[in-house]
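S.K.: quick one, structure for this:
(2 chains)
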Amino acid sequence: MLNASLQELASALADRRISSVELTRSVLDRIAAANPRTNAFVHVDGDGALAAAAAADARIAAGEAGPLTGIPLAHKDVFCTEGMPTTCASKMLANFVSPYDAHVVAQLKKAGTVLVGKTNMDEFAMGSSNENSHFGAARNPWDTSRVPGGSSGGSAAAVADGLIPIATGTDTGGSVRQPASFCGVTGIKPTYGVVSRYGMIAYASSLDQGGVLGRSAADCAPVLSAMAGFDPRDSTSLERPAEDFGRDLGKSIEGLKIGLPREYFGEGMDADVRAAVEAALDTYRSLGAVTVDIELPNSRLAIPAYYVIAPAEASSNLSRFDGVRYGHRAAEYADLAEMYCRSRAQGFGSEVKRRILIGTYVLSHGYYDAYYLQAQKLRRLIADDFRRAFGQCDVIAGPTAPTTAYALGAKCDDPVQMYLGDIYTVAINLAGLPALSLPAGFGDGGLPVGLQLIGDYFAEARLLNAAHRFQQATDWHLARPAGE
Amino acid sequence: MSLDIDQVKHVARLARIELGPGEAEDALAKLNGIFDLVEQMQAVDTSGVEPMSHPQELYQRLRDDVVTEADRRDAFQRVAPATEAGLYLVPRVIE
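M.R.: Numbering: from 1, shown residues only, chains lettered A, B, ... in the order given. You can find the predicted model right below:
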């Protein structure tokens, strides 16, 4: 059962070959046995999960089940879950129990999924290795001396290690796709505005977007369909009708034009990543796709622009953590100002503080035009590059990350090196496009390599089918880490 | 450009983050590394480029001026560090 697809699980549930309670018990047993190895979960709610599973079984018995009814799932701990700890992996929120559900959480409850617990992440989703967590680093199940990627590292590790069939994530600069790549799972981040940000603790609001990580594109599709949709409580939620993102699954990709950006295949990519990506492109050609060379000339500006825009927005968003209404408050202080300063000093980890300081600086008097405004102009140039490219191709392909999973601690002391690992992912967030990472093979040391597929706005269904066709022709996504 | 230690301390004050002994120095080195990266932006001529604040060109939706939320003060204050009689407690700011 731990390796079954969502479709197989749904049909086993529908045929009463297994109950949701039995399935949930097996997931809880697996987590209890294997979570100490990866630290993928930061909170497990066994009783709540079994109660939700019993309710799902009743729905199934009553003939009221949907495709996700009774399926166990986990949320990244950035999503507010009513009555359950919601920590963002920060000391600041270590004792916070959310009084309400995020839109995504409510949608997936409505669909009948069984919430099993919350997954580890980089604090406030700031990081690319899941090492910036108040609850300790999550580890990569393929090699526990290595990082799972970040910031949705716990979700990726949990899915890869068979702890949970499907998990949510969020992606501000690559935080769904890069951990998916490092852990050998499939992860999709939709078009900005498709998934409501309500109850998703904000990092950089003009970039943040909810997504999903699963074993295959076919598993991700129904979950994304259930999560997505207009929500008036998010001012940037798009007023679009509900969509079945799985509607194209199985369609031929004969003649699909795949654009290969010159800038994504230059120096900087490790040889083992390149080999796996090139082999994956050969598979696409054998499936009838054609590849065309394209250019994204402003790619090199994406990281500098991102590391202005994201910290600027973060410094504003995180000003709400003042020790007054929720979150950590220092024990000792002389006055209000000292209460703020100490509570924030104690509650935030060093990477979060760094980004708040950068953001505060670039937004401070006299610097706005030189930094934030300039970054927003570069953002336009980057988005225009993609607009032109999609005139020549249907999807864009390349590596998700320049390397496979690196050793824990390898980049902790050098934030710039850590940031440069996002080189192929951040531009997509700046442009607001949908993209996914799918397992494309293995590099040195048997570590997974991800292939990134980028689509034009609202091309999620096409992207998922392109990934699905690849997964019908290959079995990289079925490979599992050896375990102990 | 690069920051100096006084600028780091000033920004930390603006951000309401207390820096412990040695923290400003450590932050300075790392922030300057990050600003070296960010400075690559300045070489680009962006005159005439319209800044992009959001991927979709959205305008703020308006809604009817009616109550949409129920009163959940107790639930929201349960997660507060200190409350009394429905109020949030903070150190005295006016003598």
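
S.K.: for chain B, what's the nearest residue on the stretch 351-484 of chain A?
M.R.: The minimum distance from the stretch 351-484 of chain A to chain B, using C-beta to the nearest C-beta, falls at A:Gly432 (2.2 Å). (C-beta placed from N, C-alpha, C; glycine too.)

S.K.: who's in contact with that residue?
M.R.: The neighbours of A:Gly432, taking C-beta atoms under 8 Å, 6 or more residues apart in numbering or on different chains as the test, are A:Thr191, A:Tyr192, A:Gly193, A:Ala383, A:Tyr457, B:His54, B:Pro55, B:Gln56.

S.K.: tell me the secondary structure at the third one.
M.R.: Right, A:Gly193. Per DSSP: H, G, I helix; E, B strand; the rest coil, the secondary structure class of A:Gly193 is coil.

S.K.: show me what contacts it?
M.R.: A:Gln209, A:Thr236, A:Ser237, A:Leu238, A:Gly432, B:Pro55, B:Gln56, B:Leu58.

S.K.: just the fourth one next, same as before
M.R.: With C-beta under 8 Å, 6+ apart as the criterion, the residues that contact A:Ala383 are A:Leu430, A:Ala431, A:Gly432, B:Met52, B:Pro55.

S.K.: then stretch A:358-371 to PDB, C-alphas only?
M.R.: Written as PDB, here are the backbone C-alpha positions of stretch A:358-371 (Å, rounded to 0.1, in the frame of the first residue of the first chain):
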ATOM      1  CA  ILE A 358      18.100  42.900   3.800                       C
ATOM      2  CA  GLY A 359      14.500  43.700   3.200                       C
ATOM      3  CA  THR A 360      14.400  46.500   5.800                       C
ATOM      4  CA  TYR A 361      17.500  48.000   4.200                       C
ATOM      5  CA  VAL A 362      16.300  47.900   0.600                       C
ATOM      6  CA  LEU A 363      13.000  49.500   1.600                       C
ATOM      7  CA  SER A 364      14.500  52.100   3.800                       C
ATOM      8  CA  HIS A 365      14.500  55.800   3.000                       C
ATOM      9  CA  GLY A 366      16.400  56.600  -0.100                       C
ATOM     10  CA  TYR A 367      17.000  53.100  -1.400                       C
ATOM     11  CA  TYR A 368      13.600  52.100  -2.700                       C
ATOM     12  CA  ASP A 369      14.200  53.100  -6.300                       C
ATOM     13  CA  ALA A 370      17.700  51.600  -6.500                       C
ATOM     14  CA  TYR A 371      16.600  48.200  -5.200                       C
END
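
S.K.: now do the buried residues in it.
M.R.: Applying a neighbour-count criterion of 16 or more other C-beta atoms under 10 Å in any protein chain shown, one finds A:Ile358, A:Gly359, A:Thr360, A:Tyr361, A:Val362, A:Leu363, A:Ser364, A:Ala370, A:Tyr371 buried in stretch A:358-371.

S.K.: near chain B too, which of those?
M.R.: Restricting the buried residues of stretch A:358-371 to those touching chain B (C-beta under 8 Å from any C-beta of the partner chain) yields A:Ile358, A:Thr360, A:Tyr361, A:Val362, A:Ser364, A:Ala370, A:Tyr371.

S.K.: closest to A:Val416 among these?
M.R.: Closest to A:Val416 out of these is A:Ile358 (12.0 Å), distances taken as C-beta to C-beta.

S.K.: how about the nearest residue to that closest one, chain neighbours excluded?
M.R.: Distance criterion C-beta to C-beta, 6 or more residues apart in numbering or on different chains; nearest residue to A:Ile358, sequence neighbours excluded, is A:Pro311 at 4.0 Å.

S.K.: SS state for that neighbour?
M.R.: Recorded secondary structure, A:Pro311: helix (three-state DSSP).

S.K.: residue ranges in the stretch 351-484 of chain A under the pLDDT threshold?
M.R.: Within the stretch 351-484 of chain A, the ranges that satisfy pLDDT under 70 run A:484.

S.K.: give me the secondary structure label for A:Leu453.
M.R.: Under three-state DSSP, A:Leu453 comes out as strand.
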